[in-house]
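Undergrad: Pasting the sequence and the predicted coordinates here, then a few questions.
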Amino acid sequence: MDGFMLAFIFMLVLFLGANIINQRAIKKLEVEQVQLLVTQFASQRLWSLGLMILLIIGYFAVLKMRFMDPLVSMSLYFAVLLIFLIVQVTTTSKKLRELGFDSDYLKSYKLSTAIKFVAIIGFCLMMISQVAWK
C-alpha cells in the first residue's frame with residue numbers, strides 16, 4: 001500500500017471517529033436545539049462547501065499549470081486549507097456559545113473538531129513527506 005492510501009485511510013478513520021462523537025452529542029440535544037443547528041448553520045455549510053471546491057480546483061489548476069514546485073504548492077495549499085478551517089471553527093464555536101448550547105455539546109464539538117484537525121494535519125504531513133522524498 002502506498003503512502004497516499006495510508007494517509008487517506010488514517011484520515012478516514014479519524015473522521016469517522018469524530019463524526020460518531022458529533023452524532024452522539026446531537027442525539028442528546030433537544031429537538032429545538034437540533035432545529036436551531038440546522039437553521040443557523042445551513043448557509044455557512046453552503047459557503048464552506050463552495051470555498052472548499054474552489055480551493056480544490058485552484059490546487060489542481062496550480063499543479064496542472066506547474067506554476068511552482070509541487071512541494072511548495074502543496075505546502076501553500078495545506079496552509080490555506082488549515083487557515084480556512086481554523087476561521088470556520090472559530091466562528092462556529094462563537095456562534096454556538098451565543099446561541100446558548102450547553103457545555104457538554106460544546107466539549108463534544110471541540111473534541112470532534114480537534115480529531116478532524118489531527119486527521120487533516122496528519123494527512124497533509126504524510127502527503128508532503130511523500131512529495132519531498134521523491
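TA: Looks like it came in fine.
Undergrad: From now on I want contacts and neighbour counts done on CA atoms only, so please keep to that.
TA: Will do.
Undergrad: which secondary element of this protein has the worst mean pLDDT?
TA: Within the chain, no helix or strand scores below helix 31-65, which has a mean of 85 by mean pLDDT, DSSP states H and E.
Undergrad: buried set for the helix or strand following that helix?
TA: Downstream of helix 31-65, the next assigned helix or strand under DSSP states H and E is helix 70-98. Under the neighbour-count criterion of 16 or more other C-alpha atoms under 10 Å, helix 70-98 has 70-71, 73-75, 77-78, 81-82, 85, 89, 92-93, 96 buried.
Undergrad: which helices and strands sit right next to helix 70-98?
TA: If you count contacts as 3 or more C-alpha pairs under 8 Å, 6 or more residues apart in numbering; DSSP states H and E, helix 70-98 packs onto helix 31-65, helix 103-132.
Undergrad: Minimum distance to Leu6: which of those helices has it?
TA: Nearest of those to Leu6, taken as C-alpha to C-alpha: helix 103-132 at 8.6 Å.
Undergrad: Check which helices and strands that closest one sits against.
TA: Helix 103-132 packs on helix 3-27, helix 70-98, going by 3+ C-alpha pairs under 8 Å, 6+ apart.
Undergrad: Distance of Leu81 relative to Ile128?
TA: 14 Å (C-alpha to C-alpha, to the nearest Å).
Undergrad: should've said Ala61
TA: Ala61 sits at a distance of 18 Å from Ile128 (criterion: C-alpha to C-alpha).
Undergrad: How about Met65?
TA: Per C-alpha to C-alpha, Met65 is found 19 Å from Ile128.
Undergrad: Among those two, which residue is more densely surrounded?
TA: In this view Met65 and Ile128 are compared by other C-alpha atoms under 10 Å, and Ile128 has more residues nearby, 17 against 8.
Undergrad: how close does that one sit to Leu55?
TA: Distance from Ile128 to Leu55, by C-alpha to C-alpha: 17 Å.
Undergrad: okay, and for the protein, where does confidence drop off?
TA: Applying pLDDT under 70 to the chain flags residues 1, 132, 134.
Undergrad: Now the terminal residues of stretch 92-112, how far apart.
TA: 13 Å.
Undergrad: quick one: buried residues of the least confident helix or strand of the chain?
TA: In helix 31-65, counting by 16+ other C-alpha under 10 Å, buried: 55, 59, 62-63.
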